[in-house]
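[1] Sequence below, structure please.
(one chain, ligands or ions: 1)
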Amino acid sequence: MILAKYPYFYLETSKLGYLFSVLPTKKLEHMYFGKRLVDHRYESMHLKLTAGAGSTIEYENEGHKTLLDMMTLEFSEIGKGDFRLSPIEIKMPDQSFVSDFVYDSFEIVKGTVSSKKLPTAHKDENVQSLVVKLKDKKFSIEIKLIYTVFEKANIITRRMILVNNQDEPIVIRKVMSMMFDLPESDYDLITFDGGWIKEAHKHKRPLSYGTYINDSTTGASSNRHNPGIILAKKGTHEDYGVCIGVNLMYSGNHYEAVQISNHGLMRVMTGINPHCFEWTLKKEESFETPEAVLSYSDQGFNDLSHNFHDFVNHHIVPRQFSKEVRPIVLNSWEAFYFDFNRRKLLHLAKEAKRLGVELFVLDDGWFGKRKDDTQGLGDYKVNQRKLRGGLDYLSKKVHELGMSFGLWFEPEMVNPKSELFKKHPEWAVSIDQRSPSLGRNQLVLDLCKPDVRKYIIEQISIVLDSTKIDYIKWDMNRHMTDMFSSALYEQGRFFHSYILGLYEILFELRKKYPDIMIESCSSGGNRFDLGMLYFSPQIWTSDNTDPIERLKIQEGFSYLYPQSTLSAHVSLAPHSQTIRRTPLSTRFNVASFGILGYELNLKYVSPAEKKEMIKQIEFYKEHRELMQFGEFNRFNKKDDDHHQWQVSLNDDHIVGYFQTKYHSSPQLDVLHIKHTKPNQMYHIESLQQTMEIRQFGHLISHALPIKLHPDGWIMSKINLRKQLENATESYEMSGQAMISGIKLKQQFSGTYYNKETRLLGDFGSQLYVIKKTNSEVQDA
Ligand code: GLA
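    Numbering: from 1, shown residues only. Next comes the predicted model:
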């Protein structure tokens, strides 16, 4: 709901409220961002600057005065007395950087104000937008502040459109999507940072005087710093406390700044990174910023995440996929890398089908002369030597097996060793007379050029039209350097024009092939953002599939993005990046809290493990909706070696208990459950899982009636066929009793082993299924 009672503008969702007003000076005061207000008399909610302060500048307009530097503002600029970070930096027609935007008018619109060039969130019947127009006092230049209220998802989005109606051009050096100021600064800033194979690790830092920047300069939203940030009042935890979340629907260089001023005010902004940015606006041209996404909770991080999750599922991902359960994939990459042929692929596909896999994805290496990563990118003609009969034959065979078929592309790139580069060296991003730097032996294609965009759409269309392809993995494997495009008259446009070019291609392909699922990827989660999710409902979360590393990665992403977007595969142990040997059960248990897939050569999986995989896949299929679309909850950690996750849907729940390190003589474990109904009876059952016998080495002789050499022939044969069963648990309890936790069976602790002992060790984990029974609590 939007309430506009001049001078007040109040925006409200089912849980949050957002208030700003027009001051007598016609500047905008930010007045409130918090829980939905119960009273609509706002007069007392203004900031009271009754005494002023030394060293401040008085801003005056039409006889009214204010101290901008001490105000909580909704918008600001350079050169009129606010010395904090500015959301805009514009070289005005008089060549100064001084602008003076004041309130002009407003309009309320049903639905959203969408953009033709940038992805913006989808509307539903409960969505409304407010457009507030500001005008510069001297020049004919205007700014539209666009607010959209997503009632059910508890989200407010903001963006800006800058319009130059002046005869002379202006030069934009910085334009944020939004800014607001809060009157207090006792907040922690939480960011999600990392790099390749360590994406989205959560970092928390207390805020103090000064500025903190969370940004990317690599050309993509990057694995270094995700655009999503959280500001949390001190003491906030998963289920308690006040927090504000900010994200940006943008896949390029982003910039989030949080600044605490000397008066203890906190300024927050997000938008396109001003790094190397310069954009001239000629007469009647306009510039639109990407959409910033804001949410608030007074019930801790989980509640804030639920808002973001609902928003992504209902308003960001392509509509046709928003409620579609995602298929279980087998991806050929870690199975064969570049070394495959038709026979190997079909053999793997058949085996995968036997396990229950639904989608077979042929990853890198199927085209051109791509026998390794030094060549072939750009030449999307099938390599007939590897794939006799071409893609059509393979796709038909895979479909005959009863699976769908998916294919990998890296459309934005070219290898210097390729037919494409020979023909069009000028299509690769580089600067005349300088040799461009390579990343993974490849160069970036210049998406600022219309011909390049056309070529990419054509090439992909030729492949997609040649046979039945149900899924694309859209990869992008290097950062940008040597930024220059001969298609641009000013190079400060490069990074943003590239992203606009990418979006143009994706808009077109989505329109042409609405039913093809796109999974995006950038060496894993190097471009995990709301912009990409608008086109591709899921993203390859990380090249790291080690479940212990994935706990941190998936948990980090879970603050901002739902499980339905996190692609998660089971691979072989020991793991190819960490050399860590983890049980198959834990690899599955972690991956099942995302979009489950497999990425391994089944040749190296024992018959006993395959049996286990079949059961895991059956279990996942049975609970898939709950796993992918259920409400996701994290638990406050009792220490760094334990994680607990829960998903809930229609009062069915699955809880994952993960132990990354075993401690001798451990504490007794208590499993905590959230959101069950106190008067309802529930059945709790642990998922039956097995363990490899060889894991126990010589210790196994304690459990067997006969003595066998742990490395001997007999043991290795047994190991192929048989696994040890772990203790299972099964209880009936009321929701009320479960609130204080379910006391689990003891873990093995060096004394007697028996069938009632939980064997977790390092990297052990367990899933618990909690289903309501037909009965309510009986009075004794
Ligand atoms: C990137 C991706 C991997 C795989 C390879 C193929 O690293 O993240 O999943 O597709 O490229 O080259």
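[2] could you pull out the strands for the stretch 451-600 of the chain?
    For the stretch 451-600 of the chain, strands defined by DSSP state E, counting those that start in this stretch occupy the ranges 471-474, 517-520, 538-540, 566-570, 595-598.
[3] Could you list the residues in contact with the first one?
    With contact meaning C-beta atoms under 8 Å, 6 or more residues apart in numbering, strand 471-474 is reached by 327, 331, 359, 361, 363, 404-411, 460, 464, 516-521, 536, 540. (Each C-beta comes from the backbone N, C-alpha and C, glycine too.)
[4] about what we covered before: can the strands of the stretch 451-600 of the chain go into CSV with extra columns for mean pLDDT, distance to the ligand and mean neighbour count?
    Below are the strands of the stretch 451-600 of the chain laid out as CSV (pLDDT from 0 to 100; distance: least, C-beta to the nearest ligand atom, whole Å; neighbours: other C-beta atoms under 10 Å):
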stretch, mean pLDDT, distance to the ligand, mean neighbour count
strand 471-474, 98, 6, 23
strand 517-520, 98, 10, 24
strand 538-540, 98, 6, 27
strand 566-570, 98, 9, 26
strand 595-598, 98, 11, 26
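[5] The residue in the stretch 651-780 of the chain that the ligand sits nearest to: neighbour count?
    Closest approach between the stretch 651-780 of the chain and the ligand, counting by C-beta to the nearest ligand atom: F763, at 23.0 Å. Neighbour count for F763, taken as other C-beta atoms under 10 Å: 23.
[6] looking at it, it is touching I548, isn't it?
    Yes - F763 lies in contact with I548 (C-beta atoms under 8 Å); the separation is 5.7 Å.
[7] and K323, how far is that from the ligand?
    27 Å (C-beta to the nearest ligand atom, to the nearest Å).
[8] repeat for Q459
    For Q459, the distance to the ligand equals 18 Å [C-beta to the nearest ligand atom].
[9] try D465
    Taken as C-beta to the nearest ligand atom, the span from D465 to the ligand is 23 Å.
[10] Tell me how many other residues surround that residue.
    D465: 10 surrounding residues under other C-beta under 10 Å.
[11] Report the contact partners of L49.
    L49 sits next to 66-67, 70-71 when contact means C-beta under 8 Å, 6+ apart.
[12] switch the cut-off to 10 Å
    Contact analysis of L49 by C-beta atoms under 10 Å, 6 or more residues apart in numbering lists 56, 65-67, 70-71, 263.
[13] With M269 instead?
    M269 neighbours (C-beta under 10 Å, 6+ apart): 76, 84-87, 174, 176-181, 246, 255-259, 292.
[14] Looking at these, which are in strands?
    174, 176-181, 246, 255-259, 292 (DSSP state E).
[15] bridging residues for K5?
    K5 has the following beta-bridge partners by DSSP bridges: Y8.
[16] Close to the ligand: what parts of the stretch 401-550 of the chain are there?
    Residues of the stretch 401-550 of the chain lying close to the ligand by C-beta under 6 Å from any ligand atom are 408, 475, 477, 521, 523-524, 540, 543.
[17] brain fart, the stretch 151-300 of the chain
    With the criterion set to C-beta under 6 Å from any ligand atom, the stretch 151-300 of the chain never comes near the ligand.
[18] Where does the stretch 151-300 of the chain get nearest to the ligand, residue-wise?
    Using C-beta to the nearest ligand atom, W196 is the residue of the stretch 151-300 of the chain that sits closest to the ligand, at 8.5 Å.
[19] quick one: that residue is in a helix?
    No - assessed with DSSP: H, G, I helix; E, B strand; the rest coil, W196 is coil; it does not lie in a helix.
[20] Okay, it and P411: tell me how far apart.
    Here W196 is placed at a distance of 20 Å from P411 (C-beta to C-beta, to the nearest Å).
[21] which one of those two has more residues nearby?
    More neighbours surround P411 than the other of W196 and P411, with 25 against 17 (other C-beta under 10 Å).
[22] how many other residues sit next to the residue in the stretch 251-400 of the chain positioned nearest to the ligand?
    Nearest residue of the stretch 251-400 of the chain to the ligand, counting by C-beta to the nearest ligand atom: D364, 3.4 Å away. Counted with other C-beta under 10 Å, residues neighbouring D364 total 21.
[23] Likewise for the one 3 residues further on?
    When neighbours are defined as other C-beta under 10 Å, F367 has 23 of them.
[24] For the residue nearest to it when sequence neighbours are not counted, give me its contacts.
    In space, and not counting its chain neighbours, F367 is closest to Y380: 5.0 Å by C-beta to C-beta, 6 or more residues apart in numbering. Counting by C-beta under 10 Å, 6+ apart, Y380 touches 366-368, 370, 407, 409-411, 420, 456, 458-460, 462-463.
[25] now do 6 Å
    For Y380, the contacting residues are 367, 459, 463, by C-beta atoms under 6 Å, 6 or more residues apart in numbering.
[26] Secondary structure of it: a strand, I assume?
    No - per three-state DSSP, Y380 lies outside any strand segment and is coil.
[27] neighbour-wise, which of the contacts of L49 leads?
    Of the contacts of L49, with other C-beta under 10 Å as the count, M71 tops at 25 neighbours.
[28] burial measure for the nearest residue to R370 once chain neighbours are set aside, as a count.
    Of all residues not flanking R370 in the chain, G376 sits nearest, at 3.1 Å (C-beta to C-beta, 6+ apart). Around G376 there are 27 other residues, counting by other C-beta under 10 Å.
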